[in-house]
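A.B. asks: Pasting the sequence and the predicted model now:
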Amino acid sequence: MLDLPDPHNAWVEAAQEEEGEGKVSECIQFTAYGIPQPKGSTKSFVVKGKAVTTSDNAKVKPWQEIVAYAAQQYRPSQIWVGGIKIRLHFYFLRPKSVSEKKRPYHTVKPDIDKITRSTFDALKGVIFADDSQVVSMAVSKSYGESPRVDVEIWEV
């Protein structure tokens, strides 16, 4: 297996140094196991005079439920309303047809911004009030032994 460096070590170390200086809160860390799902476009239409909005990916809701359930086990006593620093590392299974040499990085769909968006939406109301509070983030995706997301969150 290729030994690829974690592209966000410096960011995490900087956040930990700030934590020691009292600038950020305790770190919430957890893992949500499952295949990360992208939040795509939404479709809105009217049914019997009421607006209905649906996602174009039916697997998004179950993914968000997995993330929210994992986060609830570590939720703060009060939802954070200040600035948020967050680190997300998504892992996907490598297809048997794709060697490490052929594709060392996960450079295929889902797009990193769309899986981040669905994960943020799952954390909204559990850890923080709104994803607009995120002032700094480090997000990466790679191949791993089990599909999941590792989450680290700090309130600043």
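C.D. replies: Cool, the structure landed.
A.B. asks: only C-alpha atoms for contact and neighbour calcs from this point on.
C.D. replies: Fine.
A.B. asks: can you pull the buried residues of stretch 117-137?
C.D. replies: For stretch 117-137, burial by neighbour count (16 or more other CA atoms under 10 Å) applies to 118-128, 130-131, 133-134.
A.B. asks: What of stretch 58-76?
C.D. replies: For stretch 58-76, using 16+ other CA under 10 Å, the buried residues are 60, 63, 64, 66, 67, 68, 69, 70, 71, 75.
A.B. asks: hang on, the fifth one is in a strand, isn't it?
C.D. replies: No - membership of residue 67 in a strand is not supported by DSSP: H, G, I helix; E, B strand; the rest coil, which gives helix.
A.B. asks: who's in contact with residue 53?
C.D. replies: Residue 53 makes contact with 42, 43, 44, 45 under the criterion CA atoms under 8 Å, 6 or more residues apart in numbering.
A.B. asks: Go again with 10 Å.
C.D. replies: Residues in contact with residue 53, defined by CA atoms under 10 Å, 6 or more residues apart in numbering, are 42, 43, 44, 45, 46.
A.B. asks: For the closest residue to residue 30 other than its chain neighbours, give its distance to residue 56.
C.D. replies: Distances taken as CA to CA, 6 or more residues apart in numbering place residue 151 nearest to residue 30, at 5.4 Å, with adjacent residues excluded. Distance, residue 151 to residue 56, using CA to CA, to the nearest Å: 25 Å.
A.B. asks: Many thanks, I have nothing further to ask.
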